[in-house]
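>>> Generate a structure from the sequence data that follows.
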Amino acid sequence: MADTPVPWAILEVVQARLRTIRKTGGYRTDIGRDVRLEPAPFDPNDAPRLTLYPLTMLVPNDARSASERGFTFVVEALVPVKLDNAQARIVEAMADVEDVLDGYLQSPLALPLQFQEAVLLDRPDGVAAMAAQVMFGTRYRRAGPP
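Modelled structure (predicted):
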């Protein structure tokens, strides 16, 4: 049986880290209560949530070996607009995600995560929610075939 691909293993470790985002842990939000690895429809009555999306895997221009890969992924936060303070909550969620992940070392899988970009979306695809997409990158070494 084949091993879990490194990018997916990174997402699983990041998911566990994101689940620590709780007010009781000193964060601004409790968005870590619902962290997903698969997309799902959003209902305006849903609680705020995070979903991870893999974006790119590439050989960096300055790679030190043929097996080195750059990997980027997005953490998407969704907050229903029915909340009176939806815009403030999405900005707080973005800050919490960056705080918990920036520089996070998901050892021994890869190098520390690096914040790359964040964007705020109002009612994406007509959904009654505000969304934020926070992009992170890392590097890892790909294992060869068995």
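>>> show me the contacts for Arg69.
6, 57-60, 139-142 (C-beta atoms under 8 Å, 6 or more residues apart in numbering). From N, CA and C alone the C-beta is placed, and that goes for glycine too.
>>> And the pLDDT for it?
Looking at Arg69, its pLDDT is 93.
>>> Please confirm that it is located within a helix.
No - counting by DSSP: H, G, I helix; E, B strand; the rest coil, Arg69 falls outside a helix, being strand.
>>> Closest one of the contacts of Arg69 to Thr51?
Met57 (18.8 Å; C-beta to C-beta).
>>> I'd assumed that closest one was in a helix, is it?
No - applying three-state DSSP, one finds Met57 to be strand, outside a helix.
>>> Longest helix in the protein, please.
Scanning the chain for the helix with the most residues, using DSSP state H, yields helix 86-101.
>>> Any buried residues in stretch 108-123, and which?
Residues 109-111, 113, 118, 121 are the ones in stretch 108-123 that count as buried (16 or more other C-beta atoms under 10 Å).
>>> same deal with stretch 62-77?
Quick answer for stretch 62-77 (16+ other C-beta under 10 Å): 68-77.
>>> In contact with Leu37, which residues?
Residues in contact with Leu37 (C-beta under 8 Å, 6+ apart) are 11-12, 15, 51-52.
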